[in-house]
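# Show me how the following folds:
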Amino acid sequence: MAERILIAEDDLYQRAMLAGHLAEMDCVIEQSSTSADALAWLASAASDSHSPDLAIVSTRLKGHNGAPLYREIIHRHPEVPVVLISDRRSMGDAVLAMREGAYDYLTKPFESLDDVGLRVSRALERARLVRENREFRAAIEYDLEIARTVQERFLPSDFPLPDRVSYGAHYTACSGVGGDLYDVLALDDEHLGAYIFDVSGHGASAALITSILKISFHAFIEKSGPAHASGDDPTLVAMSYLNPVLKRLTTSTQFATMIYAMLDLDGQRLAFTSAGHCYPILIDPAGHATYVKPRQGPPLGVLASVTYQQDWIEFIPGSTIVVYTDGINEAYSPGGEQWGLERMLQSVEKRATVDGSRRTPQQIVDGLIADMQTFTRNTPNRDDVTALAIRFEG
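I've put the predicted structure just below:
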């Protein structure tokens, strides 16, 4: 398709000479001698989605508000690249215009039309590259938006057993889509399963692995049925199932940390198996917070053969467990200081109660994230940020 060029120049001879030469380059030329005509034609072309590929504009032409026409074009039609026509007396205007966004300038009277053609060709090529880059970025953003929507649908919208258990959660990906994911599911009427994992890296590749892990985990739970919750070492068995799945499907540099917990409502206890994940925080009914330190196994996908461990803790009514990813404790201040595990534990305990009254799991999570953001002064996250709080109401 021939490229369209607007020439806005009040010197008829110079305009005709330029238009004739560019027409020989197979360009479609639109000519204007006044600012009003040029702006009207640009507005009409933009409304029809046929903006020109280039506008060649004289520095002498003024827009409606007295500013140079090129400035109005740059402001009103930023998608249209601009090349200036300037005489030797107004070279300062041309330099100023380039600082404001013009691509190049031509000096009249035109001494060499071949040089003019070369400079216009370069401007058109640059405009093509900018346009292609813009279209490419738009396509990527569109794909990322779809991926972001899909990943958000992987997060639970409704939590199970609401009469006996309450919840709070937060999830923020640092780059649109991320490698963190959590879920909670009822294994049967008396057992609740909850997990959180953190895949190495960020972006689409990490998000894809989270999808693999979620689908694989839920397939395992469905295949195991009620026997999973009542069997020996259920969290250990699940983790041992996932490790070879991830090892088989990922590269040697990809892995995931994960913690899987199962709440036994009748037994008032909580089972854990951890694959290199952050220590969870236990809040007792009085609001005191401590780290729970289950025995650690290696992250999923690192070793082909792994023996994981399962630990139990007492989990009486009123107890709350907080699991999270390291994007929280490893958040940094603008000065490069890490928030750290001690500050995070202090935040959780501070947020657990107000004036002696227990706060909800969601209030605890929201407060934790607010304290982290205060420390970082809302600087962009370096990592995905995820937290899940679960309280056994009784």
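
# in a helix, that's where T273 is, yeah?
No: counting by DSSP: H, G, I helix; E, B strand; the rest coil, T273 falls outside a helix, being strand.

# Just give me the neighbour total for it.
Number of residues near T273 (other C-beta atoms under 10 Å) recorded here: 27. Quick note: C-beta positions are derived from backbone N, CA and C, even for glycine.

# so how far is Y171 from it?
Distance, T273 to Y171, by C-beta to C-beta, to the nearest Å: 22 Å.

# Same question for E9.
Computed as C-beta to C-beta, the E9 to Y171 distance reads 57 Å.

# For those two, indicate the residue with more neighbours.
E9 (24 against 19).

# Which residue ranges of the stretch 1-150 of the chain form strands?
Listed in chain order, the strands of the stretch 1-150 of the chain (DSSP state E, counting those that start in this stretch) span 4-8, 28-32, 54-58, 82-87, 104-108.

# Let's have the ones you listed in TSV, adding mean pLDDT.
Formatted as TSV, the strands of the stretch 1-150 of the chain follow (pLDDT from 0 to 100):
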stretch	mean pLDDT
strand 4-8	92
strand 28-32	91
strand 54-58	90
strand 82-87	86
strand 104-108	84
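
# Out of those, which is the most enclosed?
Greatest average neighbour count among the strands of the stretch 1-150 of the chain goes to strand 54-58 (a mean of 28), per mean count of other C-beta atoms under 10 Å.

# what angle separates that strand from strand 104-108?
Going by axes from the mean of the first three to the mean of the last three C-alpha atoms, to 10 degrees, strand 54-58 is angled at 40 degrees with respect to strand 104-108.

# okay, the lowest-mean-pLDDT helix or strand in the chain in PDB with CA atoms only?
When each helix and strand of the chain is scored by mean pLDDT, DSSP states H and E, helix 91-99 comes last, with a mean of 75. Extracted as PDB, the C-alpha positions of helix 91-99 are listed here (Å, rounded to 0.1, in the frame of the first residue of the first chain):
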ATOM      1  CA  MET A  91      16.900  26.800  11.900                       C
ATOM      2  CA  GLY A  92      16.400  27.500  15.600                       C
ATOM      3  CA  ASP A  93      12.700  26.700  15.200                       C
ATOM      4  CA  ALA A  94      13.500  23.400  13.500                       C
ATOM      5  CA  VAL A  95      15.900  22.400  16.400                       C
ATOM      6  CA  LEU A  96      13.200  23.300  18.900                       C
ATOM      7  CA  ALA A  97      10.600  21.300  17.000                       C
ATOM      8  CA  MET A  98      12.900  18.200  17.100                       C
ATOM      9  CA  ARG A  99      13.200  18.500  20.800                       C
END
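
# What are the buried residues along that helix?
Of the residues in helix 91-99, 93-94, 96-98 count as buried by neighbour count, 16 or more other C-beta atoms under 10 Å.

# Make JSON lines from these and add distance to L368 to it.
Listed next are those as JSON lines, based on distance: C-beta to C-beta, whole Å:
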{"residue": "D93", "distance to L368": "56"}
{"residue": "A94", "distance to L368": "56"}
{"residue": "L96", "distance to L368": "51"}
{"residue": "A97", "distance to L368": "52"}
{"residue": "M98", "distance to L368": "50"}
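
# For this structure, which residue occupies the most central location?
G176 (1.8 Å; C-alpha atoms, centre = their mean).

# what's the spacing between it and N381?
12 Å.

# What ranges does the stretch 201-350 of the chain have for its helices?
203-224, 227-230, 234-249, 326-329, 340-352 (DSSP state H, counting those that start in this stretch).
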